[in-house]
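# sequence first, predicted coordinates after that:
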Amino acid sequence: MDKSKCIGCRDNFYNGNNDLGVQECWLLKKAELITRYRLSIHTPMDQRRGYQKVERPNCYGEKGYVFLKEIPEYAK
């Protein structure tokens, strides 16, 4: 895993983007790229069209979004 995959993650702050001297996120070494479905927290979870298929590290978190392994069955 390289740090370029962390851009946009709330923890990317720890990849040298701080004045604390922290140069690498503690999750980076064990991170793996996986396919997930991204959904805005403002979109109802039953709206299938709101899910976006993305490839992100398994530890990736983004403010205002949730990431799911699959689209729920009840989404239309």
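Looks like it arrived, so ask away. Numbers count the residues shown, from 1 in each chain.

# in terms of helices and strands, where is the spatially most central residue of the chain?
For the chain, Tyr60 is the residue whose C-alpha lies nearest the centre (CA atoms, centre = their mean; 3.2 Å). Tyr60 is part of no helix or strand, with elements assigned from DSSP states H and E.

# that one reaches Met1, doesn't it?
No. With contact defined as CB atoms under 8 Å, Tyr60 does not count as touching Met1 (10.5 Å). Any C-beta I mention is one placed from the backbone N, CA and C, and that applies to glycine too.

# need phi/psi at the residue nearest to the centre of the chain.
phi -70, psi 130 (degrees, to the nearest 10).

# what sits closest to it if chain neighbours are left out?
Cys9 (4.9 Å; CB to CB, 6 or more residues apart in numbering).

# in three-state terms, label that neighbour for me.
Here Cys9 is coil, with the state taken from DSSP: H, G, I helix; E, B strand; the rest coil.

# residues near it, how many?
21 (other CB atoms under 10 Å).

# please give me every residue in contact with it.
By CB atoms under 8 Å, 6 or more residues apart in numbering, the contact list for Cys9 reads Arg56, Pro57, Cys59, Tyr60, Gly61, Glu62.

# what pairs with the second one across the strands?
Which is Pro57. Leu33 (DSSP bridges).

# what residues does it make contact with?
Met1, Lys5, Cys6, Cys9, Leu27, Ala31, Glu32, Leu33, Ile34.

# could I get those as TSV with pLDDT?
Converted to TSV, these look like this (pLDDT from 0 to 100):
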residue	pLDDT
Met1	89
Lys5	96
Cys6	97
Cys9	97
Leu27	95
Ala31	97
Glu32	97
Leu33	97
Ile34	97
